[in-house]
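Chemist: Sequence plus the predicted model coming up.
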Amino acid sequence: MLLGTISLTPFPIGRLLLPAEPLFWLVYGLCLFVPATVDTVRHRRLHPVFGCGTPSLVLSLDVVWRLALTPAWMRFA
């Protein structure tokens with residue numbers, strides 16, 4: 001549920017930090033990796049959902065970001 005909620009945060013973060021792309025990735029990375037780190041320290045192991053879900057969210061956002069800038073998507077949108 002936490003990763004599902006975090007998956008909705010790139011859009012508000014992007015609206016707040018639009019001109020600063022590195023700052024966006026820093027804030028979004030913190031939203032993803034801090035809960036995973038806290039859970040890992042607390043339970044002394046990385047939960048499989050964090051192990052698969054965190055990289056999946058980062059990669060999917062990167063792919064969406066790159067595809068959104070293509071001329072084909074601009075014509076469609």
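Modeler: Right, received. Where do you want to start?
Chemist: Distance from the chain centre to the least confident helix or strand in the chain by mean pLDDT, please.
Modeler: Sorting the helices and strands of the chain by mean pLDDT, DSSP states H and E puts helix 10-16 at the bottom, at a mean of 81. Taking CA atoms, centre = their mean, to the nearest Å, one finds the center of helix 10-16 at 11 Å from the center of the full chain.
Chemist: Tell me which residues are up against that helix.
Modeler: Helix 10-16 is contacted from outside by 24, 27, 28, 31, 61, using CB atoms under 8 Å, 6 or more residues apart in numbering. In this view, the C-beta of every residue, glycine as well, is placed from N, C-alpha and C.
Chemist: secondary structure class for the fourth one?
Modeler: Local secondary structure at residue 31 is given as helix here, using DSSP: H, G, I helix; E, B strand; the rest coil.
Chemist: per-residue pLDDT, it?
Modeler: Note for residue 31: predicted pLDDT of 88.
Chemist: Neighbours of it, how many?
Modeler: 18 (other CB atoms under 10 Å).
Chemist: The first one too?
Modeler: The burial metric for residue 24, expressed as a neighbour count using other CB under 10 Å, is 18.
Chemist: So which bits of the helix or strand hosting it are buried?
Modeler: Using DSSP states H and E, residue 24 sits within helix 21-43. Neighbour counts over helix 21-43 (16 or more other CB atoms under 10 Å) mark 24, 25, 27, 28, 31, 32, 36 as buried.
Chemist: For it, output the C-alpha coordinates as PDB.
Modeler: Output of helix 21-43 as PDB, limited to C-alpha atoms (Å, rounded to 0.1, in the frame of the first residue of the first chain):
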ATOM      1  CA  GLU A  21      14.800  17.700 -12.500                       C
ATOM      2  CA  PRO A  22      17.700  16.500 -10.200                       C
ATOM      3  CA  LEU A  23      15.800  17.800  -7.200                       C
ATOM      4  CA  PHE A  24      12.800  15.900  -8.300                       C
ATOM      5  CA  TRP A  25      14.700  12.600  -8.500                       C
ATOM      6  CA  LEU A  26      16.200  13.300  -5.100                       C
ATOM      7  CA  VAL A  27      12.800  13.900  -3.400                       C
ATOM      8  CA  TYR A  28      11.200  10.900  -5.200                       C
ATOM      9  CA  GLY A  29      14.200   8.700  -4.300                       C
ATOM     10  CA  LEU A  30      13.900   9.700  -0.700                       C
ATOM     11  CA  CYS A  31      10.200   8.900  -0.800                       C
ATOM     12  CA  LEU A  32      11.100   5.400  -2.000                       C
ATOM     13  CA  PHE A  33      14.300   4.500  -0.300                       C
ATOM     14  CA  VAL A  34      13.700   5.900   3.200                       C
ATOM     15  CA  PRO A  35      10.700   3.600   4.000                       C
ATOM     16  CA  ALA A  36      12.600   0.600   2.500                       C
ATOM     17  CA  THR A  37      15.600   1.400   4.600                       C
ATOM     18  CA  VAL A  38      13.600   1.900   7.800                       C
ATOM     19  CA  ASP A  39      11.700  -1.400   7.200                       C
ATOM     20  CA  THR A  40      15.000  -3.200   6.500                       C
ATOM     21  CA  VAL A  41      16.600  -1.900   9.700                       C
ATOM     22  CA  ARG A  42      13.600  -2.600  11.800                       C
ATOM     23  CA  HIS A  43      13.100  -6.200  10.600                       C
END
